[in-house]
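Student: This is the structure alone, sequence omitted:
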């Protein structure tokens, strides 16, 4: 059956983004340190149209992330357009007319609007029924493939608190951000069980895979 | 040269103790989950006078913790006796007249008092000069052996913020506590550098070793 997966880079002090997030600094101040392990990989660089880079234990971890994905879930903040009802004309995302997803993208929002069909196979659908309903719809779209939460932290936290994430991968980066957005910052998590499935040590990062359940 | 070491069990959400710490629950509510990996070990059980237990990848990690230790540093809260000036007669610790340390123990405090000599080689010395002065004294006592911070979190955080910990071991436990005491909860940590030295995957825990510096 289709699994729900979420992977995120986290600082040693638990932050998935630094303070003062903005258009210019989408991961906050010093937040780019969280992705340094990834930007050094030849695999990542090739996908970004860059040359060079290394192959190490992180390569397979990153390759698995892109594998067998049938649909994506993202929060309204990540889709963009600001909070509250959609303006006219409605915001069409940050990604131009050919978004990099090439998959059905289910946007978890309080404000409905018609689906947005883009070039390259990306189709945004806006769901107002909450996390479980959105996941059901994503699973229907994904078929036998997995559903991946692409962010942000608030959206991922809703699925964590509901115990719905089958595979959580924390890319634990040896850096302190000191402030910012925590993923695990909720008393409700005390009711959630986790099971350690796999640990991969790599240069400048440790990849920890957990199963989450209620 | 003598190194400063600190090892602590931490929940996935960053807590080194649960909420509502008390004499009855020294690690707070559900805090005993943080030490479950340790209590299952034959090595730990033998030291506690118990039989049974397992040998696994955690065994060597725990054995190393007790190895080559020449002096301990602890905070005033861990030594006990409540905050503020010492009462008369002064509190002599939780540990009876034969404390389990068998080493020089340097207590970091704002309130001086004469050293306390106990059976079995434990000698408490009370230092009021701050973390660096206390560390110098501990190193003098330890000789070629290492100095270990035995707690609590507030004391360890002072040494972290000063960039003085040569070896930090986080025993990362796949459990959410939801609330409690965080070790890494300080904006000052943004100035501290860490280097990932070693990762050991074990049943129910991942042991992460870092070097800390300014």
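Tutor: Sure, I can see it. Nothing here was measured: the structure is a model prediction, and the numbers come from that model.

Student: Going by C-alpha atoms from here, please, whenever you check contacts or count neighbours.
Tutor: Fine.

Student: So what's the gap between stretch A:4-14 and the chain middle?
Tutor: Using Cα atoms, centre = their mean, to the nearest Å, the distance from the centre of stretch A:4-14 to the centre of the chain it belongs to is 9 Å.

Student: what does that stretch rub up against?
Tutor: With contact meaning Cα atoms under 8 Å, 6 or more residues apart in numbering or on different chains, stretch A:4-14 is reached by A:16-17, A:34-35, A:65, A:146-150, A:156, A:164-178, A:182-184, B:13-14, B:184-185.

Student: In strands only, show me these.
Tutor: In strands, judged by DSSP state E, the following of the contacts of stretch A:4-14 are found: A:16-17, A:146-150, A:167-173, A:182.

Student: restrict these to those near chain B?
Tutor: Checking the ones in strands among the contacts of stretch A:4-14 against chain B by Cα under 8 Å from any Cα of the partner chain, not one of them is in range.

Student: Would you list the buried entries among those?
Tutor: Restricting the ones in strands among the contacts of stretch A:4-14 to buried positions leaves A:16-17, A:146-150, A:167-173, A:182, with burial counted as 16 or more other Cα atoms under 10 Å in any protein chain shown.

Student: Next, count neighbours for residue A:81.
Tutor: Counted with other Cα atoms under 10 Å in any protein chain shown, residues neighbouring residue A:81 total 16.

Student: same question, the one 5 residues further on
Tutor: Here the number of neighbours of residue A:86 (other Cα under 10 Å) works out to 13.

Student: And the strands in chain A, which stretches?
Tutor: Along chain A, the stretches classed as strands by DSSP E are A:4-11, A:15-17, A:69-75, A:104-108, A:116-117, A:123-127, A:146-151, A:167-173, A:181-182, A:193-202, A:205-213.

Student: tell me what the last one is packed against?
Tutor: With contacts defined as 3 or more Cα pairs under 8 Å, 6 or more residues apart in numbering or on different chains; DSSP states H and E, the secondary structure elements packing on strand A:205-213 are strand A:167-173, strand A:193-202.

Student: Next, the buried residues of it.
Tutor: Within strand A:205-213, the residues that qualify as buried are A:205-213, counting by 16+ other Cα under 10 Å.

Student: Spell out which residues of chain A are next to chain B.
Tutor: Remark: the part of chain A in contact with chain B comprises A:12-14, A:174-179, A:184-196, A:198-199, A:201, A:204-206, A:210, using Cα under 8 Å from any Cα.

Student: Are any of these buried, and if so which?
Tutor: So, by 16+ other Cα under 10 Å, the buried ones in those are A:12-14, A:174-179, A:184-186, A:188-190, A:192-196, A:199, A:201, A:204-206, A:210.

Student: What angle do strand A:4-11 and the biggest helix by length in chain A make with each other?
Tutor: Secondary structure of chain A per DSSP state H: the longest helix is helix A:131-142. Taking axes from the mean of the first three to the mean of the last three Cα atoms, to 10 degrees, one finds that helix A:131-142 is oriented at 110 degrees with respect to strand A:4-11.

Student: Next, the buried residues of helix A:131-142.
Tutor: A:131, A:134-135, A:137-139, A:141-142.

Student: Looking at chain A, which residue reaches furthest from the middle?
Tutor: No residue in chain A sits farther from the centre than residue A:88, which is 27.7 Å out by Cα atoms, centre = their mean.

Student: I'd like to know how far the most centrally placed residue in chain A sits from residue B:100.
Tutor: In chain A, the residue lying closest to the centroid (Cα atoms, centre = their mean) is residue A:150, at 2.5 Å. Residue A:150 sits 50 Å away from residue B:100, going by Cα to Cα, to the nearest Å.

Student: Quick check: the gap between the closest residue to residue A:184 other than its chain neighbours and residue A:74.
Tutor: Leaving aside its sequence neighbours, residue A:184 sits nearest to residue B:13 (Cα to Cα, 6 or more residues apart in numbering or on different chains; 5.1 Å). When Cα to Cα is applied, the distance between residue B:13 and residue A:74 equals 22 Å.

Student: Which of the helices and strands in chain A ranks last by mean pLDDT?
Tutor: helix A:76-79 (a mean of 89; mean pLDDT, DSSP states H and E).

Student: So which elements touch that one?
Tutor: strand A:104-108.

Student: same question for the strand it packs on, mean pLDDT?
Tutor: Across strand A:104-108, pLDDT averages out at 97.

Student: So what touches that strand?
Tutor: Contacts with strand A:104-108, where a contact means Cα under 8 Å, 6+ apart, come from A:70-76, A:79, A:121-128, A:130-131, A:134, A:137-138, A:141, A:155.

Student: swap the cut-off to 7 Å and go again
Tutor: The contact list for strand A:104-108 (Cα atoms under 7 Å, 6 or more residues apart in numbering or on different chains) reads A:71-76, A:122-128, A:130, A:134, A:138, A:141.

Student: ditto for stretch A:72-92
Tutor: Contacting residues not belonging to stretch A:72-92 are listed as A:93-94, A:104-109, A:111, A:147-152, A:155 [Cα under 7 Å, 6+ apart].

Student: So which of those residues wins on neighbours?
Tutor: By neighbour count, taken as other Cα under 10 Å, the most surrounded of the contacts of stretch A:72-92 turns out to be residue A:147 (30 neighbours).

Student: In this structure it contacts residue A:140, no?
Tutor: No: with contact defined as Cα atoms under 7 Å, residue A:147 does not reach residue A:140; the gap is 9.7 Å.

Student: picking that back up, would CSV of the strands of chain A with distance to residue A:29 be doable?
Tutor: Putting the strands of chain A into CSV (distance: least, Cα to Cα, whole Å) gives the following:
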stretch, distance to residue A:29
strand A:4-11, 13
strand A:15-17, 8
strand A:69-75, 22
strand A:104-108, 26
strand A:116-117, 32
strand A:123-127, 29
strand A:146-151, 18
strand A:167-173, 16
strand A:181-182, 11
strand A:193-202, 24
strand A:205-213, 19
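
Student: Stretch A:48-58 - what's its average pLDDT?
Tutor: 97.

Student: again but with stretch A:200-207, I slipped
Tutor: With pLDDT averaged residue by residue, stretch A:200-207 scores 98.

Student: What's the local residue count around residue A:77?
Tutor: Counted with other Cα under 10 Å, the neighbours of residue A:77 add up to 17.
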